[in-house]
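Participant: coordinates only, sequence not included:
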C-alpha cells in the first residue's frame, strides 16, 4: 500500500525557533509537493520538488527532496506567527501518473 | 480573477436532500478533481476528469455523481445526503493528465443536518 507519513502531526513552537517537518513515503517517486492550508481556507501550493536533491526556498521555509531515502523535509527558520497553518506533503508515485498520495498534514502553531 | 472557483461556498441541508456543487477553472488545465476533506483534515480524492473523460473514480458511494461538460468545468451532484457526507469538498485542477501540481478552489463546506 502506498503511504505518505508526515511527522510530527502537531507542532507548537515559539517564534524565532527553527524546526523541521518530515515527509516519508513508501514508493518510488521523484515528484513531491508541499501545500499550505490556513484554517478554513483552501490549499495553496508552496513547493514543487521534481528531482533527487531538489531544494527550494521561500522566505523562512525551505523544502528538500531525497528520493533515495524517500524523504522530504520542510525546514522552518526563525518561525513567525504568520506561518501557523497546516502543511501537507503529497507524492506523485512513479508510473502512476494518475493521483497524488497525501500525508495527513502537520498542524503548526507558532506562539509569541 | 479566480483561477479555480466553486459555488456555493456553503451548503446546509437536511438528510435525504440532493445538492450540487459547481466548479470552473480558467487556467487552461486539462485535468480536474474533486477532493473531500473531513473534520480531521484528511484529504481523499473522489474523482478526476482529464479533458472530460473520467480517469479516477475512487470508492465513493454512487450517490455521488460527477459531470464534466467541458474541460473547464466539473460539477458534483450528491443524492440522498447523509450525515457522513458533511465535509469540505474541494475542486482542483492540474496541467498534467493525472497528478502534478494541483490548484485548488476555495472549497464548499457541506453540512448535513
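Facilitator: Perfect, I can see it now. Predicted model, so just to flag it, every value in this text is computed and none were measured.

Participant: for the residue nearest to residue B:41 when sequence neighbours are not counted, give me its contacts.
Facilitator: Nearest residue to residue B:41, sequence neighbours excluded (Cβ to Cβ, 6 or more residues apart in numbering or on different chains): residue A:105, at 5.1 Å. Just so you know, the C-beta spots here come from the backbone N, C-alpha and C atoms, and that holds for glycine as well. In this structure, residue A:105 makes contact with A:6, A:9, A:37, A:86, A:87, A:88, B:41, B:42, B:43, judged by Cβ atoms under 8 Å, 6 or more residues apart in numbering or on different chains.

Participant: of these, which belong to strands?
Facilitator: Among the contacts of residue A:105, DSSP state E puts A:6, A:37, A:86, A:87, A:88, B:43 in strands.

Participant: can I get these in JSON lines with pLDDT?
Facilitator: As requested, those are exported to JSON lines (pLDDT from 0 to 100):
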{"residue": "A:6", "pLDDT": "98"}
{"residue": "A:37", "pLDDT": "98"}
{"residue": "A:86", "pLDDT": "98"}
{"residue": "A:87", "pLDDT": "98"}
{"residue": "A:88", "pLDDT": "98"}
{"residue": "B:43", "pLDDT": "95"}
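
Participant: burial measure for residue A:5, as a count.
Facilitator: 13 (other Cβ atoms under 10 Å in any protein chain shown).
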